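Chemist: this one's structure only:
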């Protein structure tokens, strides 16, 4: 993935070949809401009853998505109050105005504005992670440490889960993987471990301390008491609840209990890349009053994103999230590389070497389903054979790797015997090589027009590609 001039309308989409679509959280919700709003947009004039009927459908869609009943009732009430006003119903595009109101209210429901971590004026900032066993708490601690390290901060990970087998070792391994230090202690009392670790961090000039506390399979009083004692002993600047989005309303119930017993400042929703219905994400802020601060979008250690309510609302309503995509791309490609690529495209000099480099950039951004979900229009495409599969990108890269440098820079020299050799070297069939070369030739013809940001052309190109 590359960017040209860091602008959404200059987005240069990398080579997305061989798709196989898999489930994403909010997919079903997004599809159903789009159907509701499609009816509204198709009408030149809206009556109050039309809006009320649409909101009745929205209410059912949200309830099916496992959103809290009280939250749904209050949400649709606010939307209706705004949407039946004369300024909306008598506007030139009343359907679009209603969708705009839903988007704004959905963003407000999710928190309104981004809730950032509170960093201590005098380091170290102490962050306490709490949550049930299996929610992804330990992995999230490692991801958070990686984010801080990427920002140039010295981080100390503290394993304070003395109950779960191998919990300490797991955090030690994660610390090594992300390149931060972990606090080692022979102490058995987690309160003492945390207190000593914070004192050590202060003396050793660490800027951030992340405490990975114990979890349970379910909430019990001994766990709550332990967490309260740790919190009282170290006075963390941030207490983050890690909740599994796949558990739906149960995650909201857990959040309520943790908030009542221990208290926390924000939520990290994990497994948001899964195929759950999304009710937890839409309910947890309204029910607990605590903001979602991060979301886990996969197993990899770089798959932790800051939560932006307005961007998430746009994704849910099928409007994409180009800003998040741009930020991801900026982390993996320099401005110089982006401009060089754009120049080659304009000169029709884009070759298979560049193609392979783009494949590698795409892999760094995350899964294809996440990328496509961020681009307006592409998330609505009907792709052959049901969609996208990241494994197919690996197969394409293997084919290109089996070519000589001359073949990669000038694909026209690849004759029949060369195609057989490439297929044998990559463990694929000659038909796969033929398909790749044909689609690459078609892509080159369209790359210039793609830099204009016309997503329709991009969608037609992607839709016309056959799956490997």
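Modeler: Noted; the coordinates are in hand. These numbers come from a predicted model, not from an experiment.

Chemist: quick one: low-confidence parts of the stretch 201-350 of the chain?
Modeler: 274-278, 318-339, 341 (pLDDT under 70).

Chemist: Go again with 90.
Modeler: 215-223, 244-253, 270-287, 296-303, 305, 307-350 (pLDDT under 90).

Chemist: what ranges do the helices span in it?
Modeler: 221-234, 249-261, 279-288, 309-316, 322-332, 335-346 (DSSP state H, counting those that start in this stretch).

Chemist: so which of the ones you listed is the most packed in?
Modeler: helix 279-288 (a mean of 25; mean count of other Cβ atoms under 10 Å). Just so you know, the C-beta spots here come from the backbone N, C-alpha and C atoms, and that holds for glycine as well.

Chemist: If you count contacts, what does it end up packed against?
Modeler: Helices and strands touching helix 279-288, by 3 or more Cβ pairs under 8 Å, 6 or more residues apart in numbering; DSSP states H and E, are helix 69-83, helix 94-109, helix 249-261, strand 266-270, strand 292-296.

Chemist: do you know which of those lies nearest residue 34?
Modeler: helix 94-109 (9.8 Å; Cβ to Cβ).

Chemist: Also compute the angle for the very next helix or strand once past that closest one relative to helix 221-234, please.
Modeler: Following helix 94-109 in sequence order, the next helix or strand is strand 125-130 (DSSP states H and E). Angle, strand 125-130 to helix 221-234, by axes from the mean of the first three to the mean of the last three Cα atoms, to 10 degrees: 180 degrees.

Chemist: Show me what strand 125-130 is packed up against.
Modeler: Using 3+ Cβ pairs under 8 Å, 6+ apart, strand 125-130 sits against helix 137-150, strand 208-212, helix 221-234, strand 238-244.

Chemist: Swap in 6 Å and give it another go.
Modeler: strand 208-212, strand 238-244 (3 or more Cβ pairs under 6 Å, 6 or more residues apart in numbering; DSSP states H and E).

Chemist: Which one, of those strands, ends up nearest to residue 110?
Modeler: Among these, strand 238-244 sits nearest to residue 110 (Cβ to Cβ), with 14.6 Å.

Chemist: quick one on the thing from earlier: what's the closest of the helices and strands packed on strand 125-130 to residue 46?
Modeler: Closest among the helices and strands packed on strand 125-130, using Cβ to Cβ: strand 238-244, at 38.5 Å.

Chemist: which neighbours does the closest one have in its sheet, and in what orientation?
Modeler: Take DSSP bridges as the rule and strand 238-244 pairs in its sheet with strand 125-130 (parallel), strand 266-270 (parallel).

Chemist: Next, the angle from it to helix 137-150.
Modeler: Using the same axes, to 10 degrees: strand 238-244 against helix 137-150 is 130 degrees.

Chemist: Give me the contact list for strand 238-244.
Modeler: Strand 238-244 has contacts (Cβ atoms under 6 Å, 6 or more residues apart in numbering) with 117-118, 127-131, 135-137, 140, 251, 255, 258, 264-271.

Chemist: Now do the domain split for this protein, please.
Modeler: For the chain, the structural domains run 2-22+333-463, 27-109, 125-307, going by automatic domain parsing.

Chemist: can you redo the strands paired with strand 238-244 as JSON lines with mean neighbour count and distance to residue 284?
Modeler: Output for the strands paired with strand 238-244, formatted as JSON lines (neighbours: other Cβ atoms under 10 Å; distance: least, Cβ to Cβ, whole Å):
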{"stretch": "strand 125-130", "mean neighbour count": "25", "distance to residue 284": "15"}
{"stretch": "strand 266-270", "mean neighbour count": "27", "distance to residue 284": "6"}
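
Chemist: Which one, of those, ends up nearest to residue 32?
Modeler: The nearest among the strands paired with strand 238-244, by Cβ to Cβ, is strand 266-270 at 21.2 Å.

Chemist: chain center to the closest one, what's the gap?
Modeler: 13 Å (Cα atoms, centre = their mean, to the nearest Å).

Chemist: how much does that strand deviate in direction from strand 292-296?
Modeler: Computed by the same axes, to 10 degrees, the angle between strand 266-270 and strand 292-296 is 20 degrees.

Chemist: Now do the contacts for residue 190.
Modeler: Going by Cβ under 6 Å, 6+ apart, residue 190 touches 160, 162.

Chemist: If we use 8 Å, what do you get?
Modeler: For residue 190, the contact set (Cβ atoms under 8 Å, 6 or more residues apart in numbering) comprises 160, 161, 162, 213, 214, 226, 230.

Chemist: which one among those gets closest to residue 85?
Modeler: Nearest member of those to residue 85, counting by Cβ to Cβ, is residue 213, at 48.9 Å.

Chemist: Verify the stated contact: the closest one with residue 132.
Modeler: No - the pair residue 213 / residue 132 is not scored as a contact, 11.2 Å apart, by Cβ atoms under 8 Å.

Chemist: of these two, who's got more company?
Modeler: The residue with more neighbours, out of residue 213 and residue 132, is residue 213; 28 against 23, by other Cβ atoms under 10 Å.

Chemist: got a list of what that one touches?
Modeler: 128, 129, 130, 137, 160, 161, 190, 194, 226, 227, 230.

Chemist: Make JSON lines from those and add distance to residue 171 to it.
Modeler: Formatted as JSON lines, the contacts of residue 213 follow (distance: Cβ to Cβ, whole Å):
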{"residue": "128", "distance to residue 171": "14"}
{"residue": "129", "distance to residue 171": "10"}
{"residue": "130", "distance to residue 171": "15"}
{"residue": "137", "distance to residue 171": "10"}
{"residue": "160", "distance to residue 171": "9"}
{"residue": "161", "distance to residue 171": "8"}
{"residue": "190", "distance to residue 171": "13"}
{"residue": "194", "distance to residue 171": "13"}
{"residue": "226", "distance to residue 171": "17"}
{"residue": "227", "distance to residue 171": "17"}
{"residue": "230", "distance to residue 171": "16"}
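
Chemist: Dump the helices of the stretch 201-350 of the chain to TSV, plus distance to residue 442.
Modeler: Listed next are the helices of the stretch 201-350 of the chain as TSV, based on distance: least, Cβ to Cβ, whole Å:
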stretch	distance to residue 442
helix 221-234	58
helix 249-261	45
helix 279-288	39
helix 309-316	30
helix 322-332	24
helix 335-346	14
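
Chemist: wait, which of these is closest to residue 406?
Modeler: helix 335-346 (17.7 Å).

Chemist: Just tell me which of the helices of the stretch 201-350 of the chain ends up closest to residue 97.
Modeler: Once Cβ to Cβ is applied to the helices of the stretch 201-350 of the chain, the stretch that comes out nearest is helix 309-316, at 16.0 Å.

Chemist: tell me the most buried of the domains of the chain?
Modeler: domain 125-307 (a mean of 20).

Chemist: Same list (the helices and strands packed on strand 125-130) but as a markdown table, adding distance to residue 167.
Modeler: Putting the helices and strands packed on strand 125-130 into a markdown table (distance: least, Cβ to Cβ, whole Å) gives the following:
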| stretch | distance to residue 167 |
| --- | --- |
| strand 208-212 | 8 |
| strand 238-244 | 14 |
